[in-house]
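Visitor: This is a predicted model, with the sequence first.
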Amino acid sequence: DNQSSGFPALKNVAYAYTLMLPGNSIVYENAKQFGDNRDFPHDEGGTANPMSNDALGGYYGDAVTKLVQIRNSYGRGDFKERWLDDAFNPSGFSNVYVYERSKSAVVALNSRNDAFVEVRNGVQTDFAPGTILVELTGNAADTTVDPTGVIPDTIKVDASGKVNLSIPSNNGQDHGYVIYGVAAPQGSLTLSNRGASQVLAGATPTIANNGTARLANIDVVTSNTFTLQLNTTPVSLADPDHAGQFVRDVHADGDTAMIKVDGGMNINNVAGIDNTTVGDVGYGFENFTTTRTPGYIWNGSTNVGTGSGLYAQSIDTTQLSEGMHYITVRAFRHRDAATGGDGGPSVFTDFKETIYVDRLPPVSAVDSFNPFSSDPTNPNNRDLVMNSVDGTASNMFVLLDLPANTTQAQILQMIGSGNLMSYYDQNKFVYGFSNLAKGNHVATVVTYEPTGNFNVQRLPGLFTNSNIGSGFGDMNGNGAIQASDIQGAAGTNTVEDVLYSQGAKFRAQFDVNGDGLNDNRDLFALGAAMVSEGATAAALTSYTNLLLKRADVDGSGTADTADVAAMYSHFGAGVWLYDMNVDGVVNAADISTMITQEFRSMPGDFNLDGKVDMADYVLWRNGSGTGTQYEQGDANLDGHVDANDFAIWRSNFGFVRQALTAGAGSGIGGAAVPELATSTLMMLGLTAIGFCRRDRRLGGIKRARMNNL
């Protein structure tokens, strides 16, 4: 029904005529439904005269949705014109037109626009004599359409295959039609074992919420599996020939049912989709495999079904994505002539259920963090665009640069209208930030879905190469990295202050590695960043002092070998003071980090004076065979002072720690290792070997003495 040239005078009558005809019908839903100038496919009157129909149902009526439903369930069988007033009615009136979809449904249309009910008797059909047909549109039962109640809910086919029809006039309501068809299965669809009994409640549509109100309840599924069950009930129809009496229609009890999730997916643990014939009414549907007991059962000679059908399917929820899913269970009227049916085309009832899978928290991800589109050359102002990865987000809130140890409860108290992200695009939300300092910012995003389930995510690494501040280390954003940026007491927001807050503070200018934390890893990377950003000499000196302060774990005021010794006594679960590499455990790796990153020295510098020289060799020699700690000569930190440690000392001999200066890098490995005279190396090597042999001899003597005890 292409409405580009305007509407027919009686739209619903035209829809009833068109939708039940053979061929493909297209039903348009106006995406620009609200407001004026909605010109595709046709503006239905603007705000002054809102549309009287809605292709999706709602405040303006469900006539179209009901006709589409009837079309889907009954729109099969050959087309046969059954009545046209000009041809069949000698009186000359031209109000009624009737056609049949053979053995499926009779469509009767009336063009009158008053309250008169047109009656046409003896309309031929292909239905078997005695078949009871039911009115499908609801117009017969609608007292506003038929206030006198003369239109029957059921009619019976006479011995000649004819029926008598009463067709309402439109009376200004555009409901001048009835459709009678064979009865389809009746019953109810239920879910069980779905976890929490939460329901997303439907709403009554109003003018204000039309198009946005949820029209039906949606069951929330939180379990890993759930069961979908269809119970069909025995069908009895009112006998139009005997008031108050009912006739059983065993064929309407149904002989099978199928299930489809969304557009069709394997949900019954049988390989592939069960029904794949394109154009078939079962296309994309799966067979019930958990339980399948039809209401109509043919035993070879007669129906032995009880009329009560039971179909159940256990569904693996983990195979479904988070969010909405649409389930259709299609129950078929029995029609097979070989098993007692009338041989007519497929007729069915669709039982529909919308579920919301909510096993997991909603997941969001950064889509972009770019300058405002209105001012793309200004790097200081950024739009954070977030994408709802699983498509379930109903709202998002964002907070920038929260401290790492902010609790979830605290975050939830902070969110509100001031940090609510705006809708941006499908599954995307946006929020703008202004005057951002240069550095790695971190966003805390709270994503809500319609169920109330939420997720708090900390999303780091939002680098802003802005004009505010000179980069990492410029903690006050004044454009220069100075000593006052690096060291300072609590409350000064210096690198030292933020580092020693242990997660209670966060600054984008100190998150060098972009992980959303301010810890030792950023401290160690800060030196090279400061050098490249042109930090002052005083700032670099302050940085070196801060490294040594971090190494002063015994609190003596001086970083030295006593601090290394103190580390050994705290091996075990990570404690911030001693966990130098921030891995949650205090062990030899933290001592290695202390030596190379905080003292900025090399293995073999056993006295930690910034040089690997003969003084360190003496410490190794004195500890050889007996020492167990680094300051005793254990260069490789394996708990033994031996020739392997001598080899490390020898390879690093001559190292001298450099001062941090512009262009000098970190200074850890910057000093050249001078060549040792060959004779000196040989002498030291022989000495080391002698020490090791002596250690082995002493060990042998000790073992012999032990054996003689």
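Guide: Great, that's in hand. Just so it is clear, the structure is predicted and the values come from calculations on it, not from any experiment. Numbering: from 1, shown residues only.
Visitor: Provide the secondary structure category for residue 498.
Guide: Under DSSP: H, G, I helix; E, B strand; the rest coil, residue 498 falls in the helix class.
Visitor: Pull the contacting residues for it.
Guide: 475, 505, 506, 507, 510, 518 (Cβ atoms under 8 Å, 6 or more residues apart in numbering). Just so you know, the C-beta spots here come from the backbone N, C-alpha and C atoms, and that holds for glycine as well.
Visitor: Recalculate using a threshold of 7 Å.
Guide: By Cβ atoms under 7 Å, 6 or more residues apart in numbering, residue 498 lies in contact with 505, 507, 510, 518.
Visitor: And for residue 375?
Guide: residue 381.
Visitor: Is it correct that it falls within a strand?
Guide: No: residue state for residue 375 (three-state DSSP) corresponds to coil; a strand is not indicated.
Visitor: That one and residue 385, how far apart?
Guide: 16 Å (Cβ to Cβ, to the nearest Å).
Visitor: And residue 491, by the same measure?
Guide: In terms of Cβ to Cβ, residue 491 sits 35 Å off from residue 385.
Visitor: Tell me which of the two has more neighbours.
Guide: Taking neighbours as other Cβ atoms under 10 Å, residue 491 and residue 385 compare with residue 385 leading, 17 against 9.
Visitor: Just list whatever residues bridge to the more buried one.
Guide: residue 368, residue 430 (DSSP bridges).
Visitor: Residue 580 touches residue 590, doesn't it?
Guide: Yes: with contact defined as Cβ atoms under 7 Å, residue 580 counts as touching residue 590 (4.1 Å).
Visitor: if I read this right, residue 135 contacts residue 145, doesn't it?
Guide: No: with contact defined as Cβ under 7 Å, residue 135 does not reach residue 145; the gap is 10.8 Å.
Visitor: Which one of these two is surrounded by more residues?
Guide: Using other Cβ under 10 Å, the more surrounded residue of residue 135 and residue 145 is residue 145, with 23 against 20.
Visitor: distance of the more buried one from residue 476?
Guide: 77 Å.
Visitor: Just give the closest residue to residue 169, not the sequence neighbours.
Guide: Distances taken as Cβ to Cβ, 6 or more residues apart in numbering put residue 112 closest to residue 169, at 3.7 Å, once the chain neighbours are dropped.
Visitor: the more surrounded of residue 580 and residue 590?
Guide: Taking neighbours as other Cβ under 10 Å, residue 580 and residue 590 compare with residue 580 leading, 27 against 23.
Visitor: OK, contacts around the spatially most central residue of the chain?
Guide: Nearest to the mean C-alpha position of the chain, by Cα atoms, centre = their mean, lies residue 390 at 1.8 Å. Listed by Cβ under 7 Å, 6+ apart, the contact set of residue 390 reads 321, 322, 323, 362, 363.
Visitor: Residue 599 contacts residue 608, doesn't it?
Guide: Yes: look at residue 599 against residue 608 with Cβ under 7 Å: they come within range, at 5.2 Å.
Visitor: overlap in contacts of the two?
Guide: Taking Cβ under 7 Å, 6+ apart as the contact criterion, residue 599 and residue 608 have no common neighbours.
Visitor: who wins for neighbours among the contacts of residue 390?
Guide: With neighbours taken as other Cβ under 10 Å, the top of the contacts of residue 390 is residue 362, carrying 26 neighbours.
Visitor: coming back round to it: and the residue nearest to residue 169, how many residues sit next to it?
Guide: Residue 112 has 18 nearby residues by other Cβ under 10 Å.
Visitor: quick one, what contacts it?
Guide: So residue 112 contacts 95, 118, 169, 170, 176 (Cβ under 7 Å, 6+ apart).
Visitor: just residue 584 next, same as before
Guide: residue 574.
Visitor: Next one: it from residue 576, what distance?
Guide: For residue 584, the distance to residue 576 equals 10 Å [Cβ to Cβ].
Visitor: Also residue 300?
Guide: Per Cβ to Cβ, residue 300 is found 81 Å from residue 576.
Visitor: which one of the two has more residues nearby?
Guide: Using other Cβ under 10 Å, the more surrounded residue of residue 300 and residue 576 is residue 576, with 13 against 6.
Visitor: Show the pLDDT at the closest residue in space to the more buried one that isn't next to it in sequence.
Guide: Closest residue to residue 576 apart from its sequence neighbours, by Cβ to Cβ, 6+ apart: residue 502 at 5.3 Å. pLDDT for residue 502: 97.
Visitor: and what of residue 649?
Guide: Confidence score, pLDDT, at residue 649: 98.
Visitor: how about it, secondary structure?
Guide: helix.
Visitor: wouldn't it be in contact with residue 614 here?
Guide: No: contact criterion Cβ under 7 Å: residue 649 and residue 614 do not qualify, at 10.0 Å.
Visitor: more crowded one of those two?
Guide: residue 649 (24 against 12).
Visitor: Strands of the stretch 401-550 of the chain, residue ranges please.
Guide: Remark: strands assigned in the stretch 401-550 of the chain by DSSP state E, counting those that start in this stretch are 422-425, 428-433, 439-448, 454-464.
Visitor: Of those, which stretch is the most buried?
Guide: For these, the largest average neighbour count (mean count of other Cβ atoms under 10 Å) is found in strand 439-448, namely a mean of 24.
Visitor: what about the residue nearest to the centre of the chain, which SS state?
Guide: From three-state DSSP, the assignment for residue 390 is coil.
Visitor: Now do the contacts for the closest residue to residue 543 other than its chain neighbours.
Guide: The shortest distance from residue 543 to any non-neighbouring residue, by Cβ to Cβ, 6+ apart, is to residue 486 (5.2 Å). For residue 486, the contacting residues are 473, 494, 495, 496, 539, 542, 543, 546, by Cβ under 7 Å, 6+ apart.
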